[in-house]
Structures are given as C-alpha cells and as structure tokens.
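[1] Sequence and predicted structure, then a few things I'm wondering about:
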Amino acid sequence: MRRSEQAITDPAALWAIIRNAEVCRVAMVDGDHPYALPFCFGVIDTTLYLHCANEGRKLDILRVNPRVCVVFDTDNAVLPALEPCRISYRYRSVLAFGRASIVTNHEEKAAGLRAIVRQYTRVEGLMPEAIIARTTVLRIDIEEMTGKQSG
C-alpha cells in the first residue's frame, strides 16, 4: 500500500468494518472482462454469505472462475474545503480476496440466510423452507484482506 499510514492491519478492525458495512461489492472475472455487483451479505465467523437467484450471469461466471474480490466500506463522508483541490473524503474500507462457492448443504444454506437477515435486522429467527428452496446462497472463503482509512 502506497500510504502505509492509512493501512488498517488489525484483523479485528477489518472485521468490524465488514460487520458495519451496509453492502459489499463483489468483483468477478468473466473471461477477460471484469464484472462487479453489489450484494447484501452476512458473516459467520470469518466466512461471508451472499444470496441470489438460482440462475444468472454471476453464477455462470463463478462456476468457471470462483476467484473474487470483495469491497466493503463504511464511515463515508465528503470533507469539503474552500479550494477544490483540497476537498477530501473520509472512509474506512476493506478489500478481501477469496473464492466463492455455491452452498449445497441445507443446514449451511439456512445458516447463511439467517446471517444475512441478522446483518440487517439484528434479529434471530427461523428461515422458512420455501425461501431456502428458492434461493441460492454463495459462500466466500476469504484468503487475504487489506484495509485502509482516510479522513
């Protein structure tokens, strides 16, 4: 990282940013083209869970190349200034690299969906079987993370 004073290296601080983020953006590689999408997500321990429809371009891409890059950010704000070149931006962010897989185990799939609900509502509860059946759950195993903050 070019600006080492902005680096976040503490794993607990990185996971705090992830848990406080409202959305993640997942980048994939479709042949020789990048493809990125925003996702709602959940976390169990150090594993990310996402949900999506049972078919579509993202699943086609991930079946061929499961490598992903996931971006999380929080505490975002423009820091105004009187001079245009002095305007800045405050943020805390995490860049995570890993592999995505489609969850086939019923119990893990239900747990992943509950984690997503918990991320946004802080509510624990049962997951209806009909929703589990009609939803694809993706698991992202993170292999490497970096963090950065500014402002």
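    All right, it came through fine. Numbers count the residues shown, from 1 in each chain.
[2] So which residues of the chain form helices?
    Along the chain, counting by DSSP state H, helices occupy 11-20, 57-64, 106-121, 129-134.
[3] List the buried residues of the first one.
    Spelled out, it's helix 11-20. When burial is assessed from 16 or more other C-beta atoms under 10 Å, helix 11-20 yields the following buried residues: 14-18. C-beta coordinates here come from the backbone N, C-alpha and C atoms, glycine included.
[4] do the longest one as well
    Across helix 106-121, burial judged by 16+ other C-beta under 10 Å covers 109-117, 119.
[5] Please apply the same query to the last one.
    Going by neighbour count (16+ other C-beta under 10 Å), the buried part of helix 129-134 is Ile132.
[6] Quick one: distance of it to the chain centre.
    Offset of helix 129-134 from its chain centre (C-alpha atoms, centre = their mean, to the nearest Å): 23 Å.
[7] and what of the second one?
    Relative to its chain's centre, helix 57-64 lies at 17 Å (C-alpha atoms, centre = their mean).
[8] ok so, going back, any chance of a markdown table for the buried residues of helix 106-121, columns pLDDT and distance to Pro66?
    Below are the buried residues of helix 106-121 laid out as a markdown table (pLDDT from 0 to 100; distance: C-beta to C-beta, whole Å):
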| residue | pLDDT | distance to Pro66 |
| --- | --- | --- |
| Lys109 | 96 | 17 |
| Ala110 | 96 | 22 |
| Ala111 | 96 | 20 |
| Gly112 | 97 | 16 |
| Leu113 | 96 | 20 |
| Arg114 | 95 | 23 |
| Ala115 | 96 | 20 |
| Ile116 | 96 | 20 |
| Val117 | 95 | 25 |
| Gln119 | 94 | 22 |
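[9] That concludes my questions; thank you for your assistance.
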